[in-house]
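Undergrad: Requesting a structural model of the entry that follows:
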Amino acid sequence: MKRILLGTLFAAVSINAMAQAPGGPDCGWGNMLFEGQRGTPAHFLASTTNGTSGNATFGMTSGTNGCSTNAALTYGGKSWIAMNGMMDELSEDMAKGQGEALTTYAVVLGVAPEDRAYFQSVTHEHFQQIFSSADSTAEDVHSNTIAVLKNDPRLAKYATQA
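TA: Reported below is the predicted structural model:
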């Protein structure tokens, strides 16, 4: 359980690190101070400067510090399932109809505690549709899961949150 929770935490942190910066790529004092530099240390220091001082948030609300909220946020990283190496665990749990990886997936999708057992039974029932081939990618599994949720009257509300 601890491994899954840590994996989920690291995925959440890495998703934020790889996303198009809120306010744009030029937003905040950190980007100004480390302009032109490349590599993880420079990006980390720029992000830390922006996060600890709150200047990027101020820039987004005031339109200063090189910030703009006009562009759409983007994400160019890997799926959280693939990053956590949870595909095998998730497929095993879904095939059984229960397990920690499947519960974690339900939590990430926003499935309410009272609907999680039902979510597990529905994904178990549609296992062949969700894992449609032996080489299904995390993205395939996620989009197939969303399709299953959309077709279930009780779980459809969670398909729009994902």
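Undergrad: Where do the domain boundaries of the protein fall?
TA: According to automatic domain parsing, the chain comprises the domains 20-74, 80-159.
Undergrad: Now mean pLDDT and mean neighbour count too, for these, in CSV please.
TA: Every C-beta, even on glycine, is put in place using the N, C-alpha and C of the backbone. Formatted as CSV, the domains of the chain follow (pLDDT from 0 to 100; neighbours: other Cβ atoms under 10 Å):
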stretch, mean pLDDT, mean neighbour count
domain 20-74, 74, 15
domain 80-159, 90, 17
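Undergrad: For residue 156, which non-adjacent residue is closest in space?
TA: Distance criterion Cβ to Cβ, 6 or more residues apart in numbering; nearest residue to residue 156, sequence neighbours excluded, is residue 150 at 5.5 Å.
Undergrad: same check, this time on residue 133
TA: Closest to residue 133 by Cβ to Cβ, 6+ apart is residue 140, at 7.9 Å.
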